[in-house]
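1. Sequence plus the predicted model coming up.
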Amino acid sequence: VPEVLPGKEGVEDVHDYREQQDVFYGSARMLVVGCRYYTGQLHIGEYAVLVREPSNPYDTNAVRVDNLVSLQVGHLKRIFAAALAPILDDRSF
């Protein structure tokens, strides 16, 4: 169940970031793809940090999935990323 947080670029300690910037928009079950290429692990029911990657060469809607110790787990499946990208890009919240 990913926790949707605004981008965390430049954050050294995700735990400090979460305490200061915690924003919970809701929860959803989504497929994380490409896990075999990354060292991070995520278990069913765990929170994740979602980070937009608009400059990703494969998908301009890409959303990276990091675990809570800032290790990349993979990316959201393309169909979920396309739905969430506009929400994550909207800084008016």
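-> Good, I have the coordinates. Numbers count the residues shown, from 1 in each chain.

2. The lengthiest helix in the chain: which residues count as buried?
-> Assignment by DSSP state H gives helix 78-89 as the longest helix of the chain. Buried residues in helix 78-89, counted by 16 or more other C-beta atoms under 10 Å: 80-81, 84-85, 88. (C-beta placed from N, C-alpha, C; glycine too.)

3. Give me the mean pLDDT for it.
-> Mean pLDDT, helix 78-89: 93.

4. and if you look at stretch 36-47?
-> Averaged across stretch 36-47, the pLDDT comes to 91.

5. Against which helices or strands is the longest helix of the chain packed?
-> strand 49-52, strand 63-66 (3 or more C-beta pairs under 8 Å, 6 or more residues apart in numbering; DSSP states H and E).

6. so how far is the first one off the chain centroid?
-> With C-alpha atoms, centre = their mean, to the nearest Å as the basis, the distance from the averaged C-alpha position of strand 49-52 to the chain average is 2 Å.

7. What residues sit buried inside that strand?
-> In terms of neighbour count (16+ other C-beta under 10 Å), strand 49-52 has its buried residues at 49-52.

8. again with stretch 51-66
-> 51-53, 61-66.
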